[in-house]
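Undergrad: Just need the structure, nothing else, for what follows:
(chains A and B)
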Protein chains: 2
Amino acid sequence: MAEKMTCGVAVVGCGTVGGATATLLTRDAEILRARTGLDLELRHVVDVNFDNARRLGLDESLFRTDLQAALDDPGVGVVCELIGGTSIAKTVIERALAAGKNVVTANKALLARHGAELWAAARRAGRCIAFEASCAGGIPIIRALSDGLIANRIDALYGIVNGTCNYILTAMTRQGQSYGEALAQAQADGLAEADPTLDVGGHDSAHKLAILAALAFGRQIDLDAIPVQGVDKLQLCDIQYGNELGYTVKLLAIAQRRRTGLSLRVGPAFISKQHPLAWVSGPFNAVSVYGHATGHTMYYGRGAGAYPTASAVVADIASLASGTALRAFEQLGIWPDRCERADQLSVEEVSSRYYLRLQAEDRPGVFARVAAILGQHEISISSLLQHEPPEEACPQAGVPVVITTHRAREGDVRQALTHIDALDSVMGSSVCIGIVDEHPEQL
Amino acid sequence: MAEKMTCGVAVVGCGTVGGATATLLTRDAEILRARTGLDLELRHVVDVNFDNARRLGLDESLFRTDLQAALDDPGVGVVCELIGGTSIAKTVIERALAAGKNVVTANKALLARHGAELWAAARRAGRCIAFEASCAGGIPIIRALSDGLIANRIDALYGIVNGTCNYILTAMTRQGQSYGEALAQAQADGLAEADPTLDVGGHDSAHKLAILAALAFGRQIDLDAIPVQGVDKLQLCDIQYGNELGYTVKLLAIAQRRRTGLSLRVGPAFISKQHPLAWVSGPFNAVSVYGHATGHTMYYGRGAGAYPTASAVVADIASLASGTALRAFEQLGIWPDRCERADQLSVEEVSSRYYLRLQAEDRPGVFARVAAILGQHEISISSLLQHEPPEEACPQAGVPVVITTHRAREGDVRQALTHIDALDSVMGSSVCIGIVDEHPEQL
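TA: Just a heads-up that it's a prediction; the model follows:
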């Protein structure tokens, strides 16, 4: 066996993930040594508050309030930035790289916005940033995209990458809870923050999509150009109508290679109950990737939580310590700092099938007018569902009319809905939800 | 960017997978160059028959009937053994290693039986054998076990790793076909060999289990000590009774860490319809892995076929060319040539819940006798289902009695069934199928 290499580790930020990382490195040192062939030695726990670190029983002699102590330690090979946020965390990473350390981070918000800049800084320093923990927690999806699937041109990627949203949608779908009830339940179960905006608004999913799509397509992604919708406006009745039509609603992070560019978006979407992503329930995450050679592969697991995320952090530490991560960073062409900017389609250019629901007066001629507007905008109707108004779920007056369309441009659909909503016989704002069909395999 | 490294490749065996590998390397050279940062140059296609190679339009100047030409070429860094079988293939790998080449193989039968010996030969030569394509085709499960999940003590692994069997079971479950009908359909669809024994008998799954369990647990696995049952004895009525009880039948490759050793087996098993593996249909494969830190992760995709498998072969070529595969082979402690032999539990020591079906005379006292025998063998009944005899599915006389048990030793269950089957009031041989419960996560 190769000599056991020792690699010193500094954990910066000893919250949920940092604490679990420190625990794995110490409590499970024997397991890690046997499996990795490495001595991963926790040498510094850097934070301003050590309540969590003490609660976990970490060795107080490791506690530092000054990052510099860790950076000055020549025995430290890897600095784990587990603070979160985009200001201090960025400085920590830049200082660590400048001090010649490799970096592990779980910070999706930071990488989604400043990834290319940080990767470039790492390259200049001859070091590497590993970030498996930034997307989908314990699921090795970064490795799948940058290693296992490297022989593929990736054609599409569909991800359920926010466990809070998936938990809420599962509760709405299975227990018939309203959005508000399901959110309260998620908060009570510790699966949603007191301020859940970043999760339920879809922005956390967009961060992950930006990172995953960059690797999948080998392009720099402009986070701000990704259209984002959350689950917070979703109504129970639409979930129920979708169910009748054979669909499950999921908050999907979607990336598709189109002839004219990359189509990226985050939002509630209907997906066939036959698709594996439809089965992913509760706080679990999953990412479906369509490669031109592999066809459909899917990666499933816990997308958050202390130990699942720490599992990814420690795997990254090991691959930095053994040198495989740096080798891949030096060799592969998919890292954003080496890639061109993506041609990202605007939301109007996105094309999809759509589910539309409008509340219409129940009298002759109304549907003819709606159909005429859709036809004028090149939108072809695929199916139609008209029900008596449900007693409680949708309290507005009128009859709900549910339409599914064939593939159409979102810009056309939005324009058509503006005209439809302006009709006297249509009440309120119509609902529009994308339908994601199984991506055709190219095998 | 690092200088584009060139790595010459020899494909030995130009059948389904070899042909697709050669096609990816030539037709898609631009994609591979952009993504891997490597020039993967196909320099030799070695076979005795070039019909398939010609059909694929491969360059005839690459065709060789003599392996030595490829081994003598200093420009060849990687030899891909894609012949299959365990005799010539083994010699090819040994000669390639002796000539200083790295090796890629998709050969599960060979690695399951001679893996430790071949890995040791690679280590002596300072080279590496990569084998992502040996298990579950295009799914990067070898990388998950040896890289992404390296920080975990793996507690259990459940795999659907034979697409032919899963296709047959899906047809039996969904279309109500008999085993014979479903097999004929699979053969007509090109998803089963004319002689399907290796697949339907469970041996192909056992090969993959031996490879996956070795990496998961860091132990040498004795292939011959893995109890194997196929799908070929499975009766439709059991699938239907299982369905009533909330289970789907799958051919599962099962590996569990027990206090007393590793419990490994292959056979039809009932799994809850709530478990993600129950959703895997048709020719798809999936592997659930339970790590002590990640909890449950699952990997899903096409487990066979030309391009999915070639995707894994080319990913291995790339990681050999870049050096990451060799680095991991040198560093990690999980490769079988470095590990101790596993303590493998005998089939009698395996413990599980069980589904039992017996055909009993429909008269008083019969069930009391059955229950008494189970009790004498420490087998506790969990549920009971008694139906009128179905009209067609189970032609034997008597009333089918379906029992599910609490966890019991398989040795006890077998003994009890011997006694039960010896009762005058019980006809024929009783059926026994394991029930796999969701593995408890340790998070």
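Undergrad: now the helix or strand of chain A with the lowest mean pLDDT, how far from the chain's geometric center?
TA: Least confident helix or strand, chain A: strand A:381-386 with a mean of 91, by mean pLDDT, DSSP states H and E. Offset of strand A:381-386 from its chain centre (Cα atoms, centre = their mean, to the nearest Å): 31 Å.
Undergrad: who's in contact with the closest residue to A:Arg363 other than its chain neighbours?
TA: Nearest residue to A:Arg363 in three dimensions, chain neighbours excluded: A:Ser425, at 7.2 Å (Cβ to Cβ, 6 or more residues apart in numbering or on different chains). Every C-beta, even on glycine, is put in place using the N, C-alpha and C of the backbone. A:Ser425 makes contact with A:Ala360, A:Glu361, A:Arg363, A:Gly365, A:Val366, A:Arg369 under the criterion Cβ atoms under 8 Å, 6 or more residues apart in numbering or on different chains.
Undergrad: Among those, which ones are in strands?
TA: A:Ala360 (DSSP state E).
Undergrad: what's the closest of the contacts of A:Ser425 to B:Asn166?
TA: A:Ala360 (46.1 Å; Cβ to Cβ).
Undergrad: before we move on, back to that, please identify, among the contacts of A:Ser425, the one with the most neighbours.
TA: Within these, neighbour counts (other Cβ atoms under 10 Å in any protein chain shown) peak at A:Ala360, which reaches 21 neighbours.
Undergrad: List the beta-bridge partners for it.
TA: A:Val399, A:Val426 (DSSP bridges).
Undergrad: Model confidence for it, exactly?
TA: Looking at A:Ala360, its pLDDT is 90.
Undergrad: how about low-confidence regions in chain A?
TA: A:1-3, A:388-397, A:442-443 (pLDDT under 70).
Undergrad: Might you report the residue contacts of A:Thr183?
TA: No, residue A:183 isn't Thr; it's Leu. A:Ile168, A:Ala192, A:Pro196, A:Val200.
Undergrad: Ok, A:Ser288 next?
TA: Applying Cβ under 8 Å, 6+ apart, we find A:Ser288 in contact with A:Ala156, A:Leu157, A:Tyr158, A:Gly159, A:His275, A:Pro276, A:Leu277, A:His296, A:Thr297, A:Met298, A:His439.
Undergrad: Look at it and give its secondary structure.
TA: Secondary structure for A:Ser288, judged by DSSP: H, G, I helix; E, B strand; the rest coil, is strand.
Undergrad: How about the residues of the stretch 51-200 of chain A by chain B?
TA: Residues of the stretch 51-200 of chain A lying near chain B by Cβ under 8 Å from any Cβ of the partner chain: A:132, A:137-140, A:143-144, A:147-153.
Undergrad: at 6 Å instead, please
TA: Contact residues (Cβ under 6 Å from any Cβ of the partner chain) of the stretch 51-200 of chain A with chain B: A:Gly138, A:Ile139, A:Pro140, A:Arg143, A:Ala144, A:Asp147, A:Gly148, A:Ile150, A:Ala151, A:Asn152, A:Arg153.
Undergrad: And for the stretch 201-350 of chain A?
TA: Going by Cβ under 6 Å from any Cβ, the residues of the stretch 201-350 of chain A near chain B are A:279, A:293-295, A:297-298, A:300-302, A:307-308, A:311, A:314-315, A:318, A:322-324, A:327-328, A:330-334, A:338.
Undergrad: what packs against the strand or helix carrying A:Tyr354?
TA: Element membership of A:Tyr354, judged by DSSP states H and E, is strand A:351-360. For strand A:351-360, the packing partners by 3 or more Cβ pairs under 6 Å, 6 or more residues apart in numbering or on different chains; DSSP states H and E come out as strand A:399-405, strand A:426-436.
Undergrad: now what about the last one, what contacts it?
TA: The set of residues external to strand A:426-436 that reach it, using Cβ atoms under 6 Å, 6 or more residues apart in numbering or on different chains, is A:238, A:268-271, A:352-360, A:396, A:398, A:417, A:420-421.
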